[in-house]
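# Okay, predicted coordinates and the sequence, questions at the end:
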2 protein chains.
Amino acid sequence: MLDELRNQAGEDPSPSADNPKIPKAVIKRLSLYTRVLQKFSMSGIEKISSKELGDALGLNSAQVRKDLAYFGQFGVPGLGYYVEELRTRIKSILGTDRTVRLALVGVGNLGQALLSYTTQFQRDGFRVVVAFDADKRKVGGERMGVPVFHVSDMGRHLKEMAIDIVMLTVPAGVAQQVTDLAIQAGITAILNFVPERLLVPEHVKVHYVDLSIEIESLSYYLK
Amino acid sequence: MLDELRNQAGEDPSPSADNPKIPKAVIKRLSLYTRVLQKFSMSGIEKISSKELGDALGLNSAQVRKDLAYFGQFGVPGLGYYVEELRTRIKSILGTDRTVRLALVGVGNLGQALLSYTTQFQRDGFRVVVAFDADKRKVGGERMGVPVFHVSDMGRHLKEMAIDIVMLTVPAGVAQQVTDLAIQAGITAILNFVPERLLVPEHVKVHYVDLSIEIESLSYYLK
């Protein structure tokens, strides 16, 4: 009934030890660890402790060690981690040691805003390689250097261009239909900006970007 | 050194009992609880258990009870919660039992996309009441029914219009300057879409919306 909300609920509080289901918050922290490690690396620091890594993110060292333990043995007990080695290994875990290929569906205001993130995306190892829209006036040329095709040709292009992740910024009424087409074309990861529940098979992962939740949680801190 | 990353690191793993520092993830889950409760309410359900509330979000019932316990006594042990009562109390905790007043700074692609969220925002109890830009061509009229003023007049308007939260979608180079002006005008909550660290005094809360982190964590699930 409320699958879309589950995706936003954060921690799975009880990953089992033999078949560890890694909590989503751990995956997001991996992303943050690579950023901290990159800053340390750029400052010429070669080795750090779990405490130093945690301090930079407001986490305690036990949390850092627990997070990394999901993925095997890292660093030397009592000595710490080699900054570059740890960074490379985490990027390999995240799959961002290669360029992640993105497609954008829906070239409206938000879609165009995402296309203009080019510089930041490239720095982080992503590339928007193709965009789709249903409006024929937007189709045919390029926006921010990205070719825009009609959404009716989406399936073919998604396959041919070996797209990893689809970013969805279409009107709510067509979100499910576009999702179905993308999944038929082999897509298994969707970043959904549409405030709409998507029904997807189990092997497909949907992340929801819901600004209302960000605003509500800020509202809490106003008092 | 890395304050901006702390804000994204999620859980504070050790809130103390006498002076509870509520983990950020709990606040976000409150927001999700209100959505679930609203759906239950609309389905005519009057009473639910912590298990039912948890099930709808993929959380166990202990997590639900622990989250709510930060804010006092809710429901009746063994009987559950009254849906409407719980929803009202959580909205009051979040401060969304009244309309939260937003200002947008930066009417570029992303800014315009945010202005077009009007319908969803209103449903959730927010209202963008004013926007600012440095480009004189964008200033003077309205966009999506929201008046746009020049950023040099921002301080005055933020005060006069009793703004609660500023959404920042300006170029990275001016983000800090705009932030300083907003804080001088009494703003204590900022939703920052600029991939840039903001230096703020301790009483000011900044939430970062970082799409790279969403994409990286999706990338992990591709394998």
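Now that the structure is in, tell me what you want to look at. Here the structure is a predicted model, which is why all the values come from computation and not from measurement.
# what angle do the longest helix along chain A and helix B:24-42 make?
When chain A is scanned for its longest helix (criterion: DSSP state H), the result is helix A:24-42. Angle of helix A:24-42 versus helix B:24-42, following axes from the mean of the first three to the mean of the last three Cα atoms, to 10 degrees, is 150 degrees.
# Mind exporting the C-alpha coordinates of helix A:24-42 to PDB?
Coordinates of each C-alpha in helix A:24-42 appear next as PDB, following Å, rounded to 0.1, in the frame of the first residue of the first chain:
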ATOM      1  CA  LYS A  24      20.400   2.500   3.100                       C
ATOM      2  CA  ALA A  25      21.900   5.000   5.500                       C
ATOM      3  CA  VAL A  26      25.200   3.100   5.500                       C
ATOM      4  CA  ILE A  27      25.300   3.300   1.700                       C
ATOM      5  CA  LYS A  28      24.700   7.100   1.800                       C
ATOM      6  CA  ARG A  29      27.500   7.400   4.400                       C
ATOM      7  CA  LEU A  30      29.900   5.600   2.100                       C
ATOM      8  CA  SER A  31      29.300   8.400  -0.300                       C
ATOM      9  CA  LEU A  32      30.200  10.900   2.400                       C
ATOM     10  CA  TYR A  33      33.300   9.000   3.500                       C
ATOM     11  CA  THR A  34      34.700   9.200  -0.100                       C
ATOM     12  CA  ARG A  35      34.200  13.000   0.000                       C
ATOM     13  CA  VAL A  36      36.000  13.300   3.400                       C
ATOM     14  CA  LEU A  37      38.700  11.000   2.200                       C
ATOM     15  CA  GLN A  38      39.200  13.100  -1.000                       C
ATOM     16  CA  LYS A  39      39.600  16.200   1.100                       C
ATOM     17  CA  PHE A  40      42.100  14.500   3.400                       C
ATOM     18  CA  SER A  41      43.900  13.200   0.400                       C
ATOM     19  CA  MET A  42      44.100  16.700  -1.200                       C
END
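# Give the buried residues for it.
Across helix A:24-42, burial judged by 16 or more other Cβ atoms under 10 Å in any protein chain shown covers A:24-37, A:40. C-betas here are computed from N, CA, C, even on glycine.
# The residue sitting furthest away from the middle of chain A is in what secondary structure piece?
Using Cα atoms, centre = their mean, the residue of chain A lying farthest from its centre is residue A:78. It sits 32.6 Å away. Per DSSP states H and E: residue A:78 is located in neither a helix nor a strand.
# Local confidence estimate at it?
The per-residue pLDDT reported for residue A:78 equals 78.
# what about stretch A:158-168, near chain B?
Yes: if you take Cβ under 8 Å from any Cβ of the partner chain as the test, stretch A:158-168 does meet chain B, through A:164, A:165.
# Just the terminal-to-terminal distance for that stretch.
Terminal residues of stretch A:158-168 lie 13 Å apart, using Cα to Cα, to the nearest Å.
# and that stretch, average pLDDT?
Across stretch A:158-168, pLDDT averages out at 95.
# Can you list the buried residues in stretch A:80-87?
Neighbour-count burial for stretch A:80-87 flags A:80, A:81, A:82, A:83, A:86, A:87 (criterion: 16+ other Cβ under 10 Å).
# Narrow those residues to those in helices?
A:83, A:86, A:87.
# got the residues you listed as a markdown table, with distance to chain B and pLDDT columns?
Putting those into a markdown table (distance: Cβ to the nearest Cβ, whole Å; pLDDT from 0 to 100) gives the following:
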| residue | distance to chain B | pLDDT |
| --- | --- | --- |
| A:83 | 14 | 93 |
| A:86 | 16 | 94 |
| A:87 | 13 | 92 |
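# in chain A, which spans are helices?
A:3-6, A:24-42, A:50-55, A:61-69, A:83-94, A:109-115, A:118-124, A:154-160, A:175-184, A:211-221.
# and of the ones you listed, who's closest to residue B:179?
Closest to residue B:179 of the helices of chain A, according to Cβ to Cβ: helix A:211-221, at 14.4 Å.
# Out of the ones in helices among the buried residues of stretch A:80-87, which is nearest to residue A:99?
Nearest to residue A:99 among these, with distances taken as Cβ to Cβ, is residue A:87, at 16.9 Å.
# Would you mind stating the distance between the residue nearest to the closest one when sequence neighbours are not counted and chain B?
Spatially, and ignoring its direct neighbours in sequence, residue A:87 is nearest to residue A:37 (4.0 Å; Cβ to Cβ, 6 or more residues apart in numbering or on different chains). Residue A:37 is 11 Å from chain B, where distance means Cβ to the nearest Cβ, to the nearest Å.
# any idea of the pLDDT on residue A:37?
91.
# From residue A:71, how far off is it?
Per Cβ to Cβ, to the nearest Å, residue A:37 is found 14 Å from residue A:71.
# cool, and residue A:183?
Residue A:183 sits 28 Å away from residue A:71 when distances are taken as Cβ to Cβ.
# Compare the two (neighbour count), which wins?
Between residue A:183 and residue A:71, residue A:183 has the larger neighbour count (other Cβ atoms under 10 Å in any protein chain shown), namely 19 against 15.
# ok, now which ones touch the residue nearest to the more buried one when sequence neighbours are not counted?
Using Cβ to Cβ, 6+ apart and skipping the chain neighbours, the partner closest in space to residue A:183 is residue A:204 (5.8 Å). Listed by Cβ atoms under 8 Å, 6 or more residues apart in numbering or on different chains, the contact partners of residue A:204 are A:183, A:187, A:188, A:189, A:190.
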